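Chemist: Any chance you can model this:
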Amino acid sequence: MSTHTPELWDTTQMRVSKKKTKDRSALNVHLYGVNWDDHKANARLISAAPDLLAACIQAYGTLADINNNWPGRHTMAGQRLLCEMRGAISEATGIDRETIQNGGTS
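Modeler: Okay, the predicted model is just below:
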């Protein structure tokens, strides 16, 4: 399974890029459209995605721990939160939700 590029990305006017490393080719994401503010917002989100994913995985690991009895854990809202986090991690990594639920996030 391939993985995302975890290091920081550079954002410029119309693109988000990652310089070539010994393990990966250079990557460029070109942003199209007419709204410059949207370009900047999308570039920031793409650039922050590796950190957001890492934070989500860490938070999910903490909240899903059976020994962590946080307020609301056993409510519908608490279970929905865990399901949504599993879904986001699954979408970002390609790992199926059941594997994530069973502790596999790498």
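
Chemist: tell me what the helix of greatest length in the chain is packed against?
Modeler: Secondary structure assigned by DSSP state H gives helix 36-64 as the longest helix of the chain. Using 3 or more Cβ pairs under 8 Å, 6 or more residues apart in numbering; DSSP states H and E, the elements in contact with helix 36-64 are strand 10-11, strand 15-18, helix 76-93. For the C-beta atoms, the positions are set from N, CA and C on the backbone; glycine is no exception.

Chemist: Residue 61 - nearest residue in space that isn't next to it in sequence?
Modeler: residue 105 (7.2 Å; Cβ to Cβ, 6 or more residues apart in numbering).

Chemist: what's the neighbour count on the one you found?
Modeler: When neighbours are counted by other Cβ atoms under 10 Å, residue 105 registers 17.

Chemist: In contact with it, which residues?
Modeler: If you count contacts by Cβ atoms under 8 Å, 6 or more residues apart in numbering, residue 105 has them with 57, 60, 61, 89, 93, 95.
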